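> just a sequence and a predicted model for now, questions to come.
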Amino acid sequence: MNQQERIMQWIDGHHDEIIEFLQQLIQIPSVNPWFFEEAAPSKEKDVQEFIAKKLSGLGAEIEMWEPVADDLKQYEGMAGYYPGRDFSGRPNLAATFGQGAAGKSLLLFGHIDVVKAGSKWTVDPFGAEVINGKLFGRGAVDMKGGVAAMIMAVEAIVRSGVKLKGPVIVGTVVDEEAGGMGALDFVHHGYRADACILTEPTSLTIAPLCRGILWGKLKIQGRSGHIEMPQTDWQAGGAVDAVKKARLFLDQFDLLNEDWAVRKTHPLLPIPCQVHVAQFNAGEYPTSFANQAEIVFNAQYLPSERDEKLVGGHVKKELEEFIHNIAKTDPWLSENMPEIEWMVDADCAETEVSHPFVQTCVQSLQAIGLEGKIEGLGFHTDMGWLVNVGIPTVNFGPGDPRLAHHSDEFTPVDEVIDAVKMIAKTILDWCETEEA
């Protein structure tokens, strides 16, 4: 029996142990504190300590540290930097196997924070129940399924007695769900590798690209007045309905999206970049015209559109000019110009499909009997800073990304096992092994 057969046999013989490890990760509710209205203790440290214990038991050298926002000021205006963010009790973790080995190195990377559970679950969101071959729980898809798979792939290699020529680093970070400052800090801390698998959910496709995401809040001014009474012209002090003014922008967003659907496409992405309205907030009383309306939107951008700081400045400028030009067509808005508040700029990145590491991942997936499909991700992942510092990166993991953040989030158990096999195979082929 060769080394690969031994490893695959170990995985096949430890299905229950692999799934139990994922269940244990989910049962620690490591909700990013950004989602709490009031300060609350984070469980991110609990997950990291649980992972550290697991990996140290496999022989890894462990480093765990809390990011310090002030130490990252040099990245102001770049992806992942948020001044004053508190990381007390929220450490990053790096576990290194084969420190100093001469062969090609591989980083296995993922975030351990999750969004809040939210409502309308039919099961305990942190119960990690397996029902009809599906493992339910907050983070099962995004992205503890992938984190469990990469760690168990390493365990399969260690337990099978296989010695690698190159080092493997397991990196787990905090704060991805609130902008990616954990990943920025991990890179700033100095960790590098010859390639990386970021185990975000991809439904077991190879994803060497992710889009950038902008969150914006468009604030449109009106002037309140009794909604049931006749109003004078606004220039004479009459009411101005901010809801009606907001409709102008909503209609124009539809037209903009028709343009973007032609111009902002990528061969690896199934859908074009668009501006999607996510929230609409307006008005104070049922008897008054709205004083102000707020349109919260999500706009996507491509790696080719990044600015000199490797984020979405060009697209921000495009949207600001678009809003300004619409406002100039309306006398009220011309004198009461809407404002855009930019809330998030989550960066994007791309690794060429022809890169040897991408092809290694495709071959690994095919070797375990799957198609080896390549497709980009329409959402942001932490791959940006990894690619920025020269680490070719693919996203690959179990779970349908469309189920991330949903009620009753689940990952098929079989996908988790297949992900373990693919990652183990990639480690063998990329890092290579010493002769038995």
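Received the coordinates, thanks.
> and the helix or strand of the chain with the lowest mean pLDDT, what's buried?
One helix or strand of the chain scores below all others by mean pLDDT, DSSP states H and E: strand 339-346, with a mean of 93. By neighbour count on 16 or more other C-beta atoms under 10 Å, the buried set for strand 339-346 is 340, 345-346. The way it works is simple: take the backbone N, C-alpha and C, and place the C-beta from them, glycine included.
> alpha carbons only: can I get it in CSV?
Included here for strand 339-346 are C-alpha records, laid out as CSV according to Å, rounded to 0.1, in the frame of the first residue of the first chain:
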residue,chain,number,x,y,z
GLU,A,339,-24.3,61.9,0.4
ILE,A,340,-22.7,58.4,0.2
GLU,A,341,-21.2,56.9,3.3
TRP,A,342,-18.9,54.0,2.4
MET,A,343,-19.2,51.3,5.1
VAL,A,344,-17.1,48.4,3.8
ASP,A,345,-14.6,47.9,1.0
ALA,A,346,-13.8,44.2,0.9
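> just the buried residues of strand 339-346 now: which is nearest I18?
The closest of these to I18 turns out to be A346 (C-beta to C-beta; 30.6 Å).
> let's see the pLDDT reported for the residue nearest to the closest one when sequence neighbours are not counted.
Among residues not flanking A346 along the chain, H380 sits closest, at 3.8 Å (C-beta to C-beta, 6 or more residues apart in numbering). Predicted confidence (pLDDT) for H380: 92.
> list the residues that contact H380.
With contact taken as C-beta atoms under 8 Å, 6 or more residues apart in numbering, H380 is in contact with 180, 210-213, 346-348.
> doesn't it belong to a strand?
No: counting by DSSP: H, G, I helix; E, B strand; the rest coil, H380 is not part of a strand but coil.
> relative to A149, how far out is it?
21 Å (C-beta to C-beta, to the nearest Å).
> so K425 sits right up against Q366, yeah?
No: counting by C-beta atoms under 8 Å, K425 stays clear of Q366, with 9.7 Å between them.
> now do the helices in the stretch 201-350 of the chain.
242-263, 313-327, 331-335 (DSSP state H, counting those that start in this stretch).
> near the nearest residue to K43 once chain neighbours are set aside, how many other residues are there?
Nearest non-adjacent residue to K43, counting by C-beta to C-beta, 6+ apart: S30, 4.5 Å away. Per other C-beta atoms under 10 Å, the neighbour tally for S30 reads 25.
> with the one 3 residues further on instead?
Applying other C-beta under 10 Å, we find 23 residues neighbouring P33.
> please apply the same query to S288.
Counted with other C-beta under 10 Å, S288 comes out at 16.
> likewise for the one 3 residues further on?
A count of nearby residues for N291, using other C-beta under 10 Å, gives 18.
> what sits against it?
221-224, 242, 283-284.
> mind redoing it with 7 Å?
222-224, 242, 284 (C-beta atoms under 7 Å, 6 or more residues apart in numbering).
> next one: V154
58, 97, 168, 170.
> try it again with 10 Å
54-55, 58-60, 95, 97, 106, 108, 164, 168, 170, 420, 423-424, 427 (C-beta atoms under 10 Å, 6 or more residues apart in numbering).
> again with K165
If you count contacts by C-beta under 10 Å, 6+ apart, then K165 has 98, 101-105, 430-434 around it.
> show the buried residues in these.
By 16+ other C-beta under 10 Å, those give 98, 101, 103-105, 430-431, 433 as buried.
> circling back: just flag the most distant two among the contacts of H380.
Top of the distance list for the contacts of H380 (C-beta to C-beta): G180 and R211, 13.8 Å.
> now do the shared contacts for the two.
Joint contacts of G180 and R211 (C-beta under 10 Å, 6+ apart) are 346-347, 380-381.
> reformat those as JSON lines; add distance to Q359.
Shown next, in JSON lines, are those (distance: C-beta to C-beta, whole Å):
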{"residue": "A346", "distance to Q359": "28"}
{"residue": "D347", "distance to Q359": "25"}
{"residue": "H380", "distance to Q359": "25"}
{"residue": "T381", "distance to Q359": "20"}
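> specify which member of the residues you listed is nearest to E17.
T381 (27.6 Å).
> next one: stretch 61-74 to chain centre, how far?
Remark: stretch 61-74 is offset 20 Å from the chain centroid, using C-alpha atoms, centre = their mean, to the nearest Å.
> thinking again about what came up before, got CSV for the buried residues of strand 339-346, with distance to K45 too?
Shown next, in CSV, are the buried residues of strand 339-346 (distance: C-beta to C-beta, whole Å):
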residue, distance to K45
I340, 36
D345, 27
A346, 24
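> quick check: buried residues in stretch 51-66?
51-52, 54-55, 60, 63.
> what does stretch 297-310 give?
297-303, 305-306, 310.
> and stretch 29-36, by the same measure?
29-33.
> show me the residues you listed that map onto helices.
The members of those all map outside helices under DSSP state H.
> right, and out of those, which lies closest to H314?
N32 (28.6 Å).
> chain center to stretch 412-424, what's the gap?
20 Å.
> may I have it as CSV, with CA atoms only?
Provided in CSV are the C-alpha atoms of stretch 412-424 (Å, rounded to 0.1, in the frame of the first residue of the first chain):
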residue,chain,number,x,y,z
PRO,A,412,-23.5,17.7,3.5
VAL,A,413,-21.4,15.3,5.5
ASP,A,414,-20.1,13.6,2.3
GLU,A,415,-18.7,17.0,1.0
VAL,A,416,-16.7,17.4,4.2
ILE,A,417,-15.1,14.0,3.7
ASP,A,418,-14.4,14.7,0.0
ALA,A,419,-12.8,18.0,1.0
VAL,A,420,-10.5,16.3,3.5
LYS,A,421,-9.4,13.9,0.7
MET,A,422,-8.8,16.6,-1.8
ILE,A,423,-6.8,18.7,0.6
ALA,A,424,-4.7,15.7,1.7
